[in-house]
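sequence and computational prediction follow.
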Amino acid sequence: MSFKKALTVSAAVAASLAGSLLTASGAHAATPSSSTVVSPAYSAHACRSWTTHDYAYVTGNVWIDSCYYVENNGYTISATIPFENYSTSTVEYCAHAIDVNTGRWAHDFGCDYPTNASSGTAYPGRYGGAAGYSQYWNAPAGTYVVSAGFWLNGHYYGDVQSPRTTIGAH
């Protein structure tokens, strides 16, 4: 099941954005269903929990959310992972961007420092990742979701997806 919510942009903002339309929406953990269109010089932010009204239970008493931020330039994306960890285990939270049109990884944001904190927000890219990872990504035009997960006891769990965001030509 998907959820949609349209955000009406005021006439003054709409005029300054040359008539572009901004829609905000939500998604299930595995099936994001709509997009946020981002014009240059306009920022955006959305989390899965905004439409599901809770974090996603993954495994081992760990619950996570998946959020994206698009900077004011309209194309630089970063990820955050709000979490609740009732396991007392040390967890390493990570994220990557998926190109919605191809289903492929578009970018590895990397991971945040391992933590056994019971709640907080992880900032993927502060600690490490695969070759080429970075906390901030200058995304080409396209539609993306942030896919969040974590390492726990030597295993990776996750694929909790943010709402979609569409980056225009820049």
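Right, received. Where do you want to start? Residues are numbered from 1 along each chain as shown.

can you pull out the helices in this protein?
11-16, 49-52 (DSSP state H).

give me the mean pLDDT for the first one.
Yep, that's helix 11-16 we're talking about. Helix 11-16 carries an average pLDDT of 27.

now stretch 107-118
For stretch 107-118, the per-residue pLDDT averages 97.

and it, what's buried?
His107, Asp108, Phe109, Gly110, Cys111, Asp112 (16 or more other C-beta atoms under 10 Å). In this view, the C-beta of every residue, glycine as well, is placed from N, C-alpha and C.

does the last one really touch Gly129, like I thought?
No: look at Asp112 against Gly129 with C-beta atoms under 8 Å: they stay out of range, at 10.0 Å.

between these two, what contacts are shared?
Counting by C-beta atoms under 8 Å, 6 or more residues apart in numbering, the residues touching both Asp112 and Gly129 are Cys94.

among the buried residues of stretch 107-118, which are in strands?
The strands, defined by DSSP state E, take in His107, Asp108, Phe109, Gly110, Cys111 from the buried residues of stretch 107-118.

return the closest of those with respect to Trp63.
Cys111 (17.8 Å; C-beta to C-beta).

across the sheet, point out what pairs with that closest one.
Cys94, Gly128 (DSSP bridges).

swap in the one 4 residues further on?
Listed by DSSP bridges, the beta-bridge partners for Thr115 are Val91.

shift numbering so it begins at 362
From this message on, residue numbering opens at 362, which makes the last subject Thr476.

so Ala478 sits against Asn446, correct?
Yes: between Ala478 and Asn446 there is a contact under C-beta under 8 Å: 6.5 Å.

residue ranges with poor pLDDT in this structure?
362-403 (pLDDT under 70).

could you redo the last one with a cut-off of 50?
362-395, 399-402 (pLDDT under 50).

ok, back up a step: possible to save the ones in strands among the buried residues of stretch 468-479 as TSV with distance to Gly510?
Listed next are these as TSV, based on distance: C-beta to C-beta, whole Å:
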residue	distance to Gly510
His468	15
Asp469	12
Phe470	11
Gly471	12
Cys472	10
